[in-house]
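Need a 3D model of the sequence below.
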Amino acid sequence: MDEIDRYLEEYPVAVPTRVQWGDMDAYQHVNNVTFFRYFENARIEYLIRVGFADRDTLGGIGPILHSTHARFRLPLEYPDTVWAAARTTEILEDRIVMEYRLVSERHRGVAADGGAIVVAFDYGAGTKATIPEEVRSAIERLEGR
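Residues are numbered from 1 along each chain as shown. All right, here's what the predicted structure looks like:
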């Protein structure tokens, strides 16, 4: 197992992304906003895998982002490939708590850690909803619990 795998081993979903020249800002490193886009890639892939990305299949209930945060550890720059990873640490009645990790191949280390709260939302009624049981079960399977 190499260094990259060790950093990602506790995350069931990891998405590789090539750093683009345009991701950098005037300070010649990847802008902090872009880290959230990388996290978003992992979150969406995670939600697809647990069947929670398409509200039309769950009677109008789907995910909505409640909050997100990041702790920046390493500056990223072009060229690089980063691995954005996601996992769920807690499932509550109407939300899931997620953690993210961003790993740089160039630096062979963690560039950022972060997290989010994703709430189940009834898009027809415009209110919070309960996490569908099939989504809860899929998360448990994906996480190996």
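
Can you tell me the strand partners of the longest strand seen in the chain and which way each runs?
For the chain, the strand reaching the highest residue count under DSSP state E is reported as strand 109-122. Strand 109-122 sits in its sheet next to strand 61-72 (antiparallel), strand 95-104 (antiparallel), strand 127-128 (antiparallel), going by DSSP bridges.

beta partners for Ala85?
Here Ala85, judged by DSSP bridges, has bridge partners Ala14, Arg101.

Hmm, Ile4 and Ala14 touching each other?
No - counting by Cβ atoms under 8 Å, Ile4 is not a contact partner of Ala14; they are 9.0 Å apart. Backbone N, C-alpha and C define where each C-beta goes, glycine included.

Now for these two: what residues contact both?
Residues within reach of Ala14 and of Ile4 at once, by Cβ atoms under 8 Å, 6 or more residues apart in numbering, are Trp83.

Looking at the two, which is more packed in?
Using other Cβ atoms under 10 Å as the criterion, Ala14 and Ile4 rank with Ala14 on top: 21 against 17.

Any idea how many residues pack against Val13?
Around Val13 there are 23 residues (other Cβ under 10 Å).

give the contact list for it.
Shown in contact with Val13 (Cβ under 8 Å, 6+ apart): 42, 45-46, 49, 85-87, 142.
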